[in-house]
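*Asks:* Need coordinates for the following:
(2 chains)
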Amino acid sequence: MFNSKFSRRNFIKTLGAATALPALSSLSSVSFAASGQAEHTVINVFLRGAMDSISAIVPYTEQAYFDARPTIAIPEAGRIPLNEQFALHSALSPLKPLYDQGDLAFIVAAGLGPKSATRSHFSAQRRMESGSDDNLQVDGWMGRYLAANSGSNAVFRGVGMGKVQKSLRGYDSALGLSSLSSFKIKARGINAKQVPDTLRKLYQDIDHPILANEAVQTLSALDVAAANALGSTAKPAGYGTSKVGSALHQVAELLNADLGLESANVDFGGWDFHREMGSWNGGDLSIKFSELSTALAAFYNEIAAKQSNVTIVVMSEFGRRVKENTSGGADHGKGGAMMVLGAGISGGQIYGDWPGLAPENLHRGDLKVTTDYRQVLSELVDRRLGRPDLLDVTFPDYTSEQYLGVFG
Amino acid sequence: MNTQFDKQLVAEPEQQPESLSRRAFFGGKTISASIATAAAIATPTIAAASVPGAEIDNAMHVIQRLTMGVTPALYAEVNSMGVDAFIEQQLNPAVLDDSETDAMISRFSCIHKSTAELLQGKKRAAIRQELNGATAIRAVHSRRQLQEVMVDFWSNHFNVDTLKKKTAMYKPANDKGIRELALGNFSDLLMFTAKSPAMLEYLDNNRSKAHRKNVPNENYARELMELHTLGVDGGYTEDDVLAVAYVLSGWSIKGGEFKFRPFWNRLGPLKDGGDVMGWMPFAAERSVENGESFINFLAYQPATANFVCWKLCRYFVRDDIEQYDPLVAQVAQVFSDNDTEIVPTLRAIFNSEAFRQAKGQKVKRGNELLFSVLRATDATLSLEKPQKLGNHLRRQLLKVDQAVFECEPPTGYPVNADAYINTNAMVNRWNIGFDVAANRAGKFIRVNPANWINNPVTTEELVDQLSMSLMSRQLEASEKQALYDHLGRAPEGAVRRRELRQVKTLAGLIFATSSFQIR
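*Replies:* All right, here's what the predicted structure looks like:
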């Protein structure tokens, strides 16, 4: 009945691993670190609600942009030119040094391909996270990748911050974490130390797959978290106070603890600006950009030693309508943008064919998609992760004819 | 619950089941006698046979689905009146006197004010605290339990996030309306939310203008069809979204009330004879009647019946029901045949074989878990400082991602367990039980563990009494064994001071069992 998620074989495997843990837990944290540093870690930051890409990476030399957006176009004072065609929103300025040093690339006019085009947030997010044009695909691209790349049995291989996102589905051992500092059992008093073992017994052999599976993973993760004192490092001030900052700091903590983290997903919601994007200088959209850029920059700084082994991909389900509406916002659109960050990529460039914003170049008022988001992700799997053999399982109904060259 | 029950000790629970208290549960004739028997005969097998077993019986099942959590008093009441009578009672909440709950709710200061007053005060945080507090108090204390369950359902179906813009000030009125209509008529509920300032503000229709060169705001038009009525595959097109945005342009707010602004309203693509799924505007441009007619049209679409009933079936029966399951079709037929009346629709679900067979197939959502713990522990929610109580409850709910009316996306909080159960959620769910049982959930949330037991002699009695108090049924044998192991005592071992000092932890462990986490 719950078999869409539950895999009996996997469950038994995990259970076996977990029941072995009490014996292990007397060993030092080194034994957990033995699962070691992952070869590479992919961090997927998903901007939920449709980030207005043409406010982020502004096509500032195009008159059509200003014609379509008389009140919300980003004026010169709010732009940092990147090249002769595009400028960065000034609230994203913390990203400029990363772009200049070649670690950050932007991909414009990117998004869901024609088979998956939709203006529904939830359908678009589901499809983008599934990595497939098949609406019935129950698992996600990253989950399939992790499940197929079965070399590691690290407990913290795949982590979703806040929850296990659709993109991680298919990897049954994915962890959902919200706060490492509160990731501990709060029983006190006599025999309190026994509580995890008792919980393990209480969940042994129960016939509820979701709860059984989650309990086993949770207890394993608690052991690893305690052994590595996760949640104990202070968040550097540079992150600011945003939720995305605190999520990314926790990912940095996992990375720096060398727990074998291969993928982390971070959600950053609140991008659905149907109205009141506000001024480039302090308006609501600029605040979101500022939160995103300060958090990404602080994160990149915190993982300084690992920048070559980490790739951060920022994406959103679609962009927003080119023409503004009367509420100072823009409705759902199509073409959006992606950002890729990591040392050793071919950054400092803007990738993707730009279809233009003149009315005759739009599709139903939207920026066209010229780069399927999977073209970038396929290149990531192939060139950056070095696993061309896993392309078929990761993107079962998509093959990239060519790559943009983001990863060199 | 103490405010209600502490006043009276009922000698004959069978005759006054609705006011049966926990103390009466232990002092009352029938049940205490059976526990005494169990104590006298030390053999575990006989003891197990002489108190209710570990299985979920029909009464337990119905209580777990129609309420925010079982209590021994409610379990006795349902057994006394009969399951069917209980269902009918809950489907007709007006017959239940809820004045004690209302009296508690009246202690809050903001949420009873008019929207206009709230707009002046702008006390967003205080309003949110009170909304959390009032929702929790109703969930824990109200006798109209199914009504509260349905308020929860519709509040998510017609989600409004009180963290956005001015919605906090509009939400108390919206909440009141949803509660009044929660067991009413879906088309009324849909029209109510469409004209509710909270929704107009949240989904941006408030300033949707279509006159002159203005382009209307599509946000509400889209979610109205995708999330509130037809469902994403319900047959509308992108052109329809734009057309509906035009029809609803000018649906706005003034002074905290719905205001139709005819000057902003245009029919756009429908001006010259276009249609939306066969619906055409019948009144002149700049008439509110066009939008009203369209919203009614949506309420009665077969796709709407399917979508809404599918969601109800997943909510009340099982997570994995498919959209075109025969049960959904059957329930949707009842929904349509009864003019979108919610009561016969729910009755059809509760009378179905699928419902009866789904015992224990749902996992409590975070709010349901907290409320069921508060009900089971007979917690006192002190109204000495109502906003602080609300704040404590909100913090507990935040830990399980269920702060009241604070879901950012318009989908509302998820209905399916695989969306809300994850690693950290498991820990937070376990901690809720440990925290409440140990009086660490906030100064104004208080429990008295001494009330959960009644002089147990053996360890088995201790565990049985706790599970009967907190779950109204026994734990599974393996769960009991885990607790004996935890205490390091054999079931027949005498209960010493040391064991009694662990009652809080034992209660937390019972709340952590899968038996308690499911419904």
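*Asks:* Now do the contacts for residue 376.
*Replies:* Picking chain A for this. A:107, A:110, A:313, A:338, A:340, A:404, A:406 (Cβ atoms under 8 Å, 6 or more residues apart in numbering or on different chains). Every C-beta, even on glycine, is put in place using the N, C-alpha and C of the backbone.
*Asks:* that answer is for a different chain, and I need it for chain B
*Replies:* B:69-71, B:469-471, B:511.
*Asks:* Let me know the pLDDT of it.
*Replies:* We have a pLDDT of 98 for B:Ala376.
*Asks:* Roughly how far does it sit from chain A?
*Replies:* 17 Å (Cβ to the nearest Cβ, to the nearest Å).
*Asks:* picking up where we left off before, of the contacts of B:Ala376, just say which sits nearest to chain A.
*Replies:* Among the contacts of B:Ala376, B:Phe511 lies closest to chain A (Cβ to the nearest Cβ), at 10.9 Å.
*Asks:* Quick check: that closest one touching B:Val373?
*Replies:* Yes: contact between B:Phe511 and B:Val373 holds when scored by Cβ atoms under 8 Å: they sit 5.6 Å apart.
*Asks:* quick one: common contacting residues for those two?
*Replies:* B:432-433, B:436-437.
*Asks:* Quick check, the residue in the stretch 151-300 of chain A closest to chain B?
*Replies:* A:Gly176 (2.5 Å).
*Asks:* so what's that residue bridging to?
*Replies:* Beta-bridge partners recorded for A:Gly176 (DSSP bridges): A:Gly160.
*Asks:* now the strands for the chain?
*Replies:* Here I'm looking at chain A. A:41-47, A:57-58, A:79-81, A:87-89, A:104-111, A:158-161, A:175-177, A:263-268, A:310-316, A:336-341, A:350-351, A:371-372 (DSSP state E).
*Asks:* Chain B is the one I meant
*Replies:* Using DSSP E, strands in chain B cover B:251-254, B:257-260, B:380-381, B:445-446.
*Asks:* B:Asn206 versus B:Lys254, what's the distance?
*Replies:* 10 Å (Cβ to Cβ, to the nearest Å).
*Asks:* Neighbour count: those two, which is higher?
*Replies:* More neighbours surround B:Asn206 than the other of B:Lys254 and B:Asn206, with 22 against 11 (other Cβ atoms under 10 Å in any protein chain shown).
*Asks:* Run through the residues that contact that one.
*Replies:* Here B:Asn206 is in contact with A:327, B:197, B:200, B:252-253 (criterion: Cβ under 8 Å, 6+ apart).
*Asks:* now with 6 Å?
*Replies:* B:200, B:252-253 (Cβ atoms under 6 Å, 6 or more residues apart in numbering or on different chains).
*Asks:* ranking the residues you listed by neighbours, who comes first?
*Replies:* Top of these by neighbour count (other Cβ under 10 Å): B:Leu200, with 25 neighbours.
*Asks:* Tell me which residues touch that residue, please.
*Replies:* Per Cβ under 6 Å, 6+ apart, neighbours of B:Leu200: B:206, B:253.
*Asks:* To what extent is whichever residue of chain B sits closest to chain A buried, counted in neighbours?
*Replies:* Per Cβ to the nearest Cβ, B:Asn422 is where chain B lies closest to chain A, at 2.5 Å. Each residue near B:Asn422 was counted by other Cβ under 10 Å, and the total is 27.
*Asks:* show me what contacts the closest residue in space to it that isn't next to it in sequence?
*Replies:* Residue nearest to B:Asn422 in three dimensions, not counting chain neighbours: A:Gly176, with 2.5 Å by Cβ to Cβ, 6 or more residues apart in numbering or on different chains. Neighbour list for A:Gly176: A:160, A:163-164, B:422-424 [criterion: Cβ under 6 Å, 6+ apart].
*Asks:* Low-confidence stretches in the stretch 401-519 of chain B?
*Replies:* Regions of the stretch 401-519 of chain B meeting the criterion pLDDT under 70 are absent.
*Asks:* Show me what from it comes close to chain A.
*Replies:* The stretch 401-519 of chain B has residues B:408, B:417-418, B:421-424, B:426-427, B:431, B:434, B:479, B:482, B:486, B:501-502, B:505, B:508-509, B:512-514 near chain A, with proximity defined as Cβ under 6 Å from any Cβ of the partner chain.
*Asks:* So among those residues, which ones count as buried?
*Replies:* Neighbour counting with 16 or more other Cβ atoms under 10 Å in any protein chain shown marks B:417-418, B:421-424, B:426-427, B:431, B:434, B:479, B:482, B:486, B:502, B:505, B:508-509, B:512-514 as buried within these.
*Asks:* Name the residues of chain B found near chain A, please.
*Replies:* B:204, B:207, B:209, B:214-215, B:217-219, B:226, B:232, B:320, B:408, B:417-418, B:421-424, B:426-427, B:431, B:434, B:479, B:482, B:486, B:501-502, B:505, B:508-509, B:512-514.
*Asks:* and stretch B:278-289, how far out from the chain's middle?
*Replies:* 37 Å (Cα atoms, centre = their mean, to the nearest Å).
*Asks:* Revised request: answer the last question for stretch B:426-446.
*Replies:* On Cα atoms, centre = their mean, the centre of stretch B:426-446 falls 19 Å from that of its chain.
*Asks:* do the same with stretch A:238-258
*Replies:* 13 Å.
*Asks:* List the contacts of that stretch.
*Replies:* Contacts for stretch A:238-258 (Cβ under 6 Å, 6+ apart): A:33, A:36-37, A:156, A:161, A:180, A:228, A:233, A:235, A:261, A:264, A:266, A:268, A:291, A:294-295, A:298-299, A:302-303, A:306.
*Asks:* Quick check: bridge partners of A:Ile312?
*Replies:* A:Ile43, A:Leu341.
*Asks:* on that earlier part again, out of the buried ones among the residues of the stretch 401-519 of chain B next to chain A, which are inside helices?
*Replies:* Among those, the members falling in helices (DSSP state H) are B:417-418, B:423-424, B:426-427, B:431, B:434, B:479, B:482, B:486, B:505, B:508-509, B:512, B:514.
*Asks:* how about B:Phe434, what does it touch?
*Replies:* B:Phe434 touches A:186-187, B:508, counting by Cβ under 6 Å, 6+ apart.
*Asks:* Can you get me a residue count around the closest residue in space to B:Gly53 that isn't next to it in sequence?
*Replies:* Setting aside the residues directly before and after it, B:Gly53 is nearest to B:Gln474 in space (Cβ to Cβ, 6+ apart), at 5.8 Å. By other Cβ under 10 Å, 20 other residues sit near B:Gln474.
*Asks:* Save the shared contacts of B:Phe511 and B:Val373 as CSV, and put in neighbour count and distance to B:Tyr170 too.
*Replies:* What follows is the shared contacts of B:Phe511 and B:Val373, written out as CSV (neighbours: other Cβ atoms under 10 Å in any protein chain shown; distance: Cβ to Cβ, whole Å):
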residue, neighbour count, distance to B:Tyr170
B:Ile432, 25, 30
B:Gly433, 30, 35
B:Val436, 25, 32
B:Ala437, 28, 37
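*Asks:* What is the nearest of those residues to B:Arg144?
*Replies:* B:Val436 (23.5 Å; Cβ to Cβ).
*Asks:* near chain B, which residues of the stretch 51-200 of chain A?
*Replies:* A:120, A:123, A:163-164, A:175-178, A:183, A:186-187, A:189-190, A:194, A:198-199.
*Asks:* biggest separation within those residues, which pair?
*Replies:* A:Ser120 and A:Ile190 (53.7 Å).
*Asks:* Can you pick out the residue with more neighbours from the two?
*Replies:* A:Ser120 (21 against 13).
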